[in-house]
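Chemist: A predicted structure for the sequence below; I have some questions about it.
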Amino acid sequence: MSHIIAIANQKGGVGKTTTAVNLAAALAEAEQRVLLVDMDAQGNATMGVGADKKALEATVCDFLLGEKGVAEALEVVADGSFYLLGANSDMTAAEVGLRDMKGGRAALKKSLADIADSFDYVVIDCPPALSMLTVNALVAARGVIIPMQCEYYALEGLTDLLTTIENIRQMINRDLVVEGVLRTMYDGRNRLTGEVSAQLIDYFGNSVYETVIPRNVRLAEAPSFGQSIFDYDASASGAAAYRSLAAEILGRDDSEIVSAPRTGAKR
Ligand code: ADP
Ligand code: MG
């Protein structure tokens, strides 16, 4: 069975898309079969792996609204190991259409059921809002990764996200857990970063990943070449960080086999 992970935080600019693209690429590099799902109308994850968002045969919107089959929307990123379900500005239509649709919250879950078993990991990049599209990702997922920038207002709005996750767990997806909190654009020399980081660990305990993603200009440059950090500059500090995150996730999943039952706080 595949492990479905949503990358969510309703704040924009916290590193969701950077994490979705590079975590997916790191898992593929670690010989996992990976599917990246772009749920954002901006199509940044789509472009980030080199697909042309304006030239997609079919998009996530098309299959969510039942206009095409999910398999028609599969794009190859790397032969046999890394695939994409891409998005573009059509996604705004999906947001509206899903609200009117019976069972609209479970549309992505239903679509993925047809193909998810072909993948070890499905990584879903969410839009910067607690919208119907984010709800669809949280209903389809088993784990949520919350990227956070360790800045002043980092914790603001977090309650809304956690409440949404809890509501979805109670109403429709009882397996959903906060898989981990990921500190992004991390600058260890900055005092505020250290303080906010300590607050996160206080609040989330073991769910905060040991791996931190440093601020690294190579991570910011890679998307303009349509490349993950591993194709763009495999020796960058950002590449090492996403490799380490993938190893942490793979390690946790292995240890789960012997350490059921699953809870929110692991490790
Ligand atoms: P989100 O998807 O949450 O809006 P992005 O992943 O698009 O956030 O990141 C916002 C901006 O910050 C982008 O320009 C991205 O290239 C840049 N960025 C993300 N992570 C890093 C990092 N670790 N170091 C440097 N720049 C980063
Ligand atoms: Mg994004």
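Modeler: Received, thanks. Numbering: from 1, shown residues only. Ligands and ions are numbered 1, 2, ... in the order given.

Chemist: dump the residue contacts of the residue lying closest to residue 81 once chain neighbours are set aside.
Modeler: Of all residues not flanking residue 81 in the chain, residue 28 sits nearest, at 4.7 Å (CB to CB, 6 or more residues apart in numbering). All C-beta spots, glycine's among them, are computed from the backbone N, C-alpha and C. Neighbouring residues of residue 28 by CB atoms under 8 Å, 6 or more residues apart in numbering: 34, 77-78, 81-82.

Chemist: and what of residue 101?
Modeler: Residue 101 makes contact with 65, 107, according to CB under 8 Å, 6+ apart.

Chemist: Distance check, it against ligand 2.
Modeler: 24 Å (CB to the ion, to the nearest Å).

Chemist: quick one, phi/psi of that residue?
Modeler: The phi and psi values for residue 101, taken as degrees, to the nearest 10, are phi -90, psi 140.

Chemist: Tell me the pLDDT of it.
Modeler: On pLDDT, residue 101 comes in at 94.

Chemist: if I look at it, how far off is residue 8?
Modeler: Distance, residue 101 to residue 8, by CB to CB, to the nearest Å: 21 Å.

Chemist: ok, now residue 165?
Modeler: Plainly put, residue 165 is 8 Å away from residue 8 if you go by CB to CB.

Chemist: Find the residues that touch each one of the two.
Modeler: When contacts are counted by CB under 8 Å, 6+ apart, residue 165 and residue 8 have 138, 144 as shared neighbours.

Chemist: Please identify which of these two sits among more neighbours.
Modeler: residue 8 (28 against 22; other CB atoms under 10 Å).

Chemist: which residues touch the closest residue to the more buried one other than its chain neighbours?
Modeler: Using CB to CB, 6+ apart and skipping the chain neighbours, the partner closest in space to residue 8 is residue 126 (4.3 Å). Going by CB under 8 Å, 6+ apart, residue 126 touches 6-9, 16, 39-40, 133-134, 137.

Chemist: With residue 209 instead?
Modeler: Listed by CB under 8 Å, 6+ apart, the contact partners of residue 209 are 180-183, 245, 248.

Chemist: ok, now with 7 Å
Modeler: 180-182, 245, 248 (CB atoms under 7 Å, 6 or more residues apart in numbering).

Chemist: Also residue 169?
Modeler: By CB under 7 Å, 6+ apart, residue 169 lies in contact with residue 176.

Chemist: which SS class is it?
Modeler: Three-state assignment for residue 169 (DSSP: H, G, I helix; E, B strand; the rest coil): helix.

Chemist: Many thanks, have a good one.
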